[in-house]
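Visitor: Coordinates only, no sequence provided:
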């Protein structure tokens, strides 16, 4: 590491601490030439994740966008922010399991709909209506009937 004060290339590490749940390391270093101390940070280089949209376009994964869609679907419903965060975490876990760091928007929707369906059926129908692009009341009725039948079978 090059000393920011004198440019010397040799130093010693005085102290190391993990930050951010182990995703980053902070190191205090001391230059062996001028003896001044400075701080460096190490973190894992992350390859940006991409979402492949229905039309084939790719855009950077945006946690806030996914969370925003869930918040709209769960508006005025008994769903906590912790539960919403857990759903977004499930999407990110699926993304992290992939080698290519790309995920289809369809996969994101399927993960979220499965979680919402188990958590709150009203929020599920709201989310599904946007995700599946319901265009008329018939599509809503078909989905509601499917949910009603599932509940009868499960009861």
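Guide: That came in fine, so what should we check first? Note that the structure is a prediction, hence the values are computed from the model and not measured.
Visitor: Name the nearest residue to residue 32, sequence neighbours excluded.
Guide: Excluding the flanking residues, the one nearest residue 32 by CB to CB, 6 or more residues apart in numbering is residue 10, at 4.5 Å. No exception for glycine: its C-beta is placed from N, CA and C like everyone else's.
Visitor: for the helix or strand where residue 83 lies, the distance to its chain's centre please.
Guide: Using DSSP states H and E, residue 83 sits in helix 81-97. Its chain's average C-alpha position is 5 Å from that of helix 81-97, according to CA atoms, centre = their mean, to the nearest Å.
Visitor: Next: stretch 122-133.
Guide: 20 Å.
Visitor: which residues touch it?
Guide: 69-70, 72-74, 77, 79, 109, 112-113, 116-117, 134, 139-140, 143-144, 147 (CB atoms under 8 Å, 6 or more residues apart in numbering).
Visitor: What helices and strands are in contact with the lowest-mean-pLDDT helix or strand in the chain?
Guide: Least confident helix or strand, the chain: helix 137-154 with a mean of 83, by mean pLDDT, DSSP states H and E. Other helices and strands packing on helix 137-154, by 3 or more CB pairs under 8 Å, 6 or more residues apart in numbering; DSSP states H and E, are helix 121-131.
Visitor: Could you check the helix it packs on and say which residues are buried?
Guide: 121, 123, 124, 125, 126, 127, 128, 131 (16 or more other CB atoms under 10 Å).
Visitor: now the second one: how far from residue 98?
Guide: In this case it means residue 123. The spacing between residue 123 and residue 98, counted by CB to CB, to the nearest Å, is 27 Å.
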